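Novice: Turn this into a model:
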Amino acid sequence: MKKLILSLLVITFLFAGLLTAPILAQESAQCQDEYTVQAGDWLSKIAEKYYGDVLAYDLIVQANNLQSDDTYPDIANPDLIEPGLLLCIPETEGMVASGEDKTDLTGTTWLWQQTQMNNDDKFVPDNPDNYTLQFMADGTVAVQADCNQVLGTYTLDGNAITLAFGPSTMAACPEGSLGDTFVTQLGGATIYFMQEGDLYIDLMFDSGTMRFNPQNNELAGTSWVVIGYNNGRGGVVSPIIGTELTATFGADGTLSGSSGCNTYQAGYEVDGDNISIGLGISTMMACGEPDGIMEQEQEYLTALGTAATYQISGDNMEMRTTEMSRVASFLLVK
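Specialist: Next up is the predicted model:
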């Protein structure tokens with residue numbers, strides 16, 4: 001009988017523990033402050049205000065969803081918060097955000113997907129490959145704004161970002177181009193954050209958010225036509241009219257193409273944005289026309305052997321030497 005009573009007590013104790021565990025978890029999120037949502041607010045901006053980190057918005061979501069008090073809302077979608085809601089702003093001690101870690105901006109070409117304005121206007125480029133953003137480790141930034149290129153600088157302070165632009169090409173883009181709009185919006189950048197591998201940039205005055213996808217820098221399986229190459233005499237020149245230089249990167253590590261007169265084949269290896277191209281073989285035809293075609297062929301093949309890095313930006317690619325001299329420029333064949 002005593003054993004039966006003891007067993008019942010143990011079961012009752014365990015059952016009671018299971019019932020009280022969620023209540024303890026709810027009480028663990030203490031509010032250090034309360035905040036009333038204003039028109040145009042985003043959880044990431046509220047997190048930046050209180051914690052200095054836009055990715056800490058998940059702490060606010062967790063704290064409100066754990067509250068037993070109906071004063072605070074359950075947040076099912078962090079992207080949708082209504083003005084007038086009273087939020088619990090939790091203490092951060094002992095809490096960990098489940099959002100993704102910050103990702104380095106450099107080393108990636110970002111393709112513009114859209115800008116969603118807070119007044120419900122939306123800007124979507126016809127071809128994201130024509131609207132790109134590249135952050136360099138030296139603090140410079142390169143922008144492809146449709147048919148023009150823009151250079152500038154950027155500064156970071158935590159997740160706060162500032163972009164300043166300088167020289168730009170002045171080509172006349174097609175009617176309906178969003179090139180000027182793209183640059184103007186980037187000039188209003190205030191905060192950046194990463195979500196599921198994409199880059200988001202919030203604009204000043206809480207006016208909207210730009211979204212970017214990372215460019216696929218995979219060379220294997222791509223084909224390119226050369227639009228400029230280093231002639232070995234300190235200059236990058238265009239191919240001779242009437243000739244075509246090409247490069248196809250095979251999945252098996254083989255580079256092949258036309259050098260203007262002959263076809264060539266070589267091995268290549270890629271490590272991040274580093275590339276090495278080995279000695280290759282070529283057919284042995286002799287072409288007499290146009291003038292300079294054989295010299296061009298030798299100069300192009302020699303230049304390829306000096307390649308140390310490559311960078312893809314939209315439909316364009318550049319290879320450079322270890323001294324950052326340009327080896328060749330390419331245009332993607334689709």
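Novice: wait, what's in contact with residue 332?
Specialist: Contacts for residue 332 (CB atoms under 8 Å, 6 or more residues apart in numbering) come out as 222, 223, 224, 315, 316, 317. Every residue, glycine included, has its C-beta placed from N, CA and C.
Novice: mind checking pLDDT for it?
Specialist: With respect to pLDDT, residue 332 has a value of 92.
Novice: just residue 193 next, same as before
Specialist: Reported pLDDT for residue 193: 90.
Novice: neighbours around residue 282, how many?
Specialist: 15 (other CB atoms under 10 Å).
Novice: By neighbours, which of the contacts of residue 332 wins?
Specialist: In the contacts of residue 332, the most neighbours by other CB under 10 Å go to residue 224, 22 neighbours.
Novice: Now do the same contact list for the closest residue to it other than its chain neighbours.
Specialist: The shortest distance from residue 224 to any non-neighbouring residue, by CB to CB, 6 or more residues apart in numbering, is to residue 330 (3.7 Å). Residue 330 makes contact with 224, 225, 226, 227, 247, 316, 317, 318, 319 under the criterion CB under 8 Å, 6+ apart.
Novice: can you rerun that using 7 Å?
Specialist: Contact analysis of residue 330 by CB atoms under 7 Å, 6 or more residues apart in numbering lists 224, 225, 226, 227, 247, 316, 317.
Novice: Residue 153: which of these is nearest?
Specialist: For those, the closest approach to residue 153 (CB to CB) belongs to residue 316, at 21.5 Å.
Novice: is that closest one in a bridge, and if so with what?
Specialist: Assessed by DSSP bridges, residue 316 has beta-bridge partners residue 313, residue 331.
Novice: That one touches residue 310, doesn't it?
Specialist: No - Residue 316 is beyond contact range of residue 310, at 11.0 Å (criterion: CB atoms under 7 Å).
Novice: what does the domain assignment say about the chain?
Specialist: Using automatic domain parsing, the domain parsing of the chain gives 26-99, 109-169+179-214, 222-332.
Novice: if we can go back for a sec, can you list the contacts of residue 332 in a markdown table and add pLDDT and distance to residue 255?
Specialist: Output for the contacts of residue 332, formatted as a markdown table (pLDDT from 0 to 100; distance: CB to CB, whole Å):
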| residue | pLDDT | distance to residue 255 |
| --- | --- | --- |
| 222 | 95 | 11 |
| 223 | 97 | 11 |
| 224 | 97 | 10 |
| 315 | 84 | 19 |
| 316 | 87 | 18 |
| 317 | 91 | 13 |
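Novice: low pLDDT regions in the stretch 151-300 of the chain?
Specialist: By pLDDT under 70, the stretch 151-300 of the chain contains no weakly predicted segment.
Novice: what pairs with residue 33 across the strands?
Specialist: Where residue 33 sits in a bridge, its partners, by DSSP bridges, are residue 89.
Novice: ok, now residue 257?
Specialist: Beta-bridge partners, per DSSP bridges, of residue 257: residue 264.
Novice: Relative to the whole chain's centre, how far out is the helix or strand that residue 191 is a member of?
Specialist: Per DSSP states H and E, residue 191 falls inside strand 189-195. Put simply, strand 189-195 sits 11 Å off its chain's centre (CA atoms, centre = their mean, to the nearest Å).
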